[in-house]
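J.: Show me how the following folds:
(one chain, ligands or ions: 1)
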Amino acid sequence: MLLNHVSTVFTAYLWQQTSFHDVVALEIETFWGALASQRLSWISPFNTVQNCNFSQGKIKWFEGGKLNVSVNCLDRHVHTCPERVALIWERDEPGTEVKFTYRELLELTCRLGNLLKRLGVRRGDCVTLYMPSCPLAVASMLACARIGAVHNVVFAGFSAEALADRIRDTQSSTVITVNQGVRGGKVIDLKRTVDQAVQNCPSVQQVLVAMRTENSVAMTDRDVPLEEEMMKEDVVCEPVTMDSEDVLFLLYTSGSTGKPKGLVHTQAGYLLYAAVTHRYVFSYQDGDVFGCMADIGWITGHSYGVYGPLCNGGTTVLFESTPVYPDPGRYWETVQRLGISQFYGAPTAIRLLLKYGDEWVQKYDRSCLKTLGSVGEPINREAWEWYHRVVGGGRCPVIDTWWQTETGGICIAPRPSDPDAEIIPGMAMRPFYGIKPALLDAKVVAEPSGAGWGSGALCISMAWPGMARTIHNDHQRFIETYFQPYPGYFFTGDGAYCSKEGYYQIVGRLDDVINVSGHRLGTAELEDVVVCTIKCVYVFVVLKKGVEVQEDVLAQQLREMVSRNIAKYASPDYIQVVGRLPKTRSGKIMRRVLRKVVERKTDDLGDLSTLDDSEAVHEVIRGHQRLH
Ligand code: PRX
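T.: Below you'll find the model as predicted:
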């Protein structure tokens, strides 16, 4: 009865998108409740579907339910289709891919789970992973889930300091890494970075080291050779019974102020949301090969590289290389060789590739492609058109997906909808099932749903299963960041526009978070390292009085500092020395104005009425013109 109802709601939404919100407001519990029963394997059923209160920052789904995430991602598929390919590891060197069936991945996960247990890792302990996208990284995540540990994947491009910060915040006693990474033909000494990081992390008792390359690395008493020890373990590991709201993982992301926040995702709600969005947003069907290009160090890699596809019994690609290695045809050669059906990438890569011309795409057979996804930042029209026309040959819908580390999964995307429903270039368009966006400003509250339209701060008015539950060790910050700016709503930090038809377009961050090549960076974090920075990354430097330094020497030093302390991709592209910065009367730097200067939009500086001294702006503009 319940299930019938859900399929009716589902179908109703698929074909009559506009009325869904009204249905869902009334039926949300029935809807998600039935999906949870239908799509997940439970050890014992849940008692309540949701128990959420935004003002307290309380988000709970499927309370009372017991399950194991690794069983949902592995064992149940091993029972039905053990030899189906779960992972395709697309290694750096083209043509050297390695496939893992569900049976093999379960065995790997169990061995690792047993090893972690032998090394003393217990339910609730946090394990930090500093690894490139590879099967052992996926198995490590799932092994944590199997034994009830919490994983904390740190992007393997982060510096030793950034890694150490995250290890310290989680108090991890175990770190898993590889001897070296391989990317774009280059060898990267990841173990060395871990060695540097753990020097300042007293909590770390052991570092498990997998061998990605054949080169030996210095091992200490603390280090455990992963493959060697793992092979001593049994291929069966009893899954631990977890509560729906036990923590599954932490993932750090930049905030507008202070240090990065460790967002907490829990078991059942996150998994269900990742799986359902994966299936419906991308129209994923059995037999498809899902190609998510994101690294597992980001939420995209977690939800659409690992949990969503595996929960659905799908085949997922782990991409280790870069879009231009060994040449700019790499993505499309991979699509042809692996038979990728859904390609999920970032606008920054698309923009880079379109500059190399169409031949690099046309050389390869892309007839296996069905859907092209985009994520991480707005996709500009030129990139959208090229992706659609050249890559997809005009055949495949381009799905611009808006979401965040905090949302756990996609919240706004052109699909699901009627297969023929229009898609407007550069627009994320339609809220997913049960997502109720609202565009707010301080005075006016408007909830566009077909009739209403306009722009404002993008908020969401109802809880959904995939949303983060808290910030690790700082629930107050969770409440202040997401629920206090607009009481009764979850505030995303982004600005958006809604058309008369009810289609959403994401405008960009409203706070001091900047987006560099699809990576989220907090200006506060950068400012800890340099003094001030703004988009792309363009750094304005105010020298202390009396300091004299050659600008190119300074630029070199700043770049090195940022690469060392945060990551290479955060390194400033431009550096401009200025006498002072435009500030408000209360002393806040007007970054919005600096951004306009850099974008050469000085005739559109916006409201300057709170500016303390307008001459500061003119000085910056003159300096910028001199330099560029
Ligand atoms: O500003 C939005 C931008 O990326 C932010 C989230 O970053 P992160 O937590 O690292 O997750 C990235 C992958 C989900 C958002 O607040 N963003 C993400 N997707 C889009 C986007 N901006 C515009 N359009 C998108 N499709």
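J.: make it CA atoms for all contacts and neighbour counts henceforth
T.: Fine.
J.: where's Arg76, which helix or strand?
T.: Under the criterion of DSSP states H and E, Arg76 resides in helix 76-80.
J.: Which elements pack onto that helix?
T.: Identification of packing neighbours for helix 76-80 by 3 or more CA pairs under 8 Å, 6 or more residues apart in numbering; DSSP states H and E yields helix 102-118.
J.: how distant is the helix it packs on from the center of its chain?
T.: Centre-to-centre, helix 102-118 and its host chain are 25 Å apart (CA atoms, centre = their mean, to the nearest Å).
J.: circling back to that earlier point, neighbouring contacts of the helix holding Arg76?
T.: 41, 102-103, 106, 313 (CA atoms under 8 Å, 6 or more residues apart in numbering).
J.: and Cys498, what are its phi and psi?
T.: phi -120, psi 130 (degrees, to the nearest 10).
J.: and this structure, which residues reach the ligand?
T.: 300, 375-378, 400-405, 494, 506, 508-509, 519-520 (CA under 6 Å from any ligand atom).
J.: if we go to 5 Å?
T.: Taking CA under 5 Å from any ligand atom as the contact definition, the chain meets the ligand at 375-378, 401-405, 506, 509, 520.
J.: closest to Gly181 among the residues you listed?
T.: Distance to Gly181 across those (CA to CA) is lowest for Arg520, with 22.6 Å.
J.: Do I have it right that Tyr574 meets Val537?
T.: Yes - counting by CA atoms under 8 Å, Val537 is a contact partner of Tyr574 at 6.7 Å.
J.: Among these two, which residue is more densely surrounded?
T.: Val537 (21 against 17; other CA atoms under 10 Å).
J.: Now that one. Nearest residue, chain neighbours left out?
T.: Excluding the flanking residues, the one nearest Val537 by CA to CA, 6 or more residues apart in numbering is Pro572, at 4.6 Å.
J.: what sits against that neighbour?
T.: Neighbour list for Pro572: 536-539, 558-559, 562 [criterion: CA under 8 Å, 6+ apart].
J.: In CSV, list the contacts of helix 76-80 along with distance to Glu238.
T.: Below are the contacts of helix 76-80 laid out as CSV (distance: CA to CA, whole Å):
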residue, distance to Glu238
Ser41, 16
Tyr102, 17
Arg103, 15
Leu106, 12
Gly313, 20
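J.: What is the most widely separated pair among those residues?
T.: Maximum pairwise distance among the contacts of helix 76-80 (CA to CA): 17.8 Å, between Ser41 and Arg103.
J.: mind checking the SS state of Ile514?
T.: At Ile514 the chain is in strand, as set by DSSP: H, G, I helix; E, B strand; the rest coil.
J.: Just the pLDDT for the closest residue to it other than its chain neighbours.
T.: In space, Ile514 comes closest to Leu521 once its chain neighbours are excluded; the distance is 5.3 Å by CA to CA, 6+ apart. Confidence per residue is given as pLDDT, and for Leu521 that number is 70.
J.: And the one 10 residues further on, by the same measure?
T.: At Val531, the pLDDT value in this model is 51.
J.: Number the chain from 48, please
T.: In the new count, where the first residue is 48, that last one comes out as Val578.
J.: what about Val234, neighbour count?
T.: 11.
J.: you'd agree it is in a helix?
T.: No - using three-state DSSP, the assignment for Val234 is strand, not a helix.
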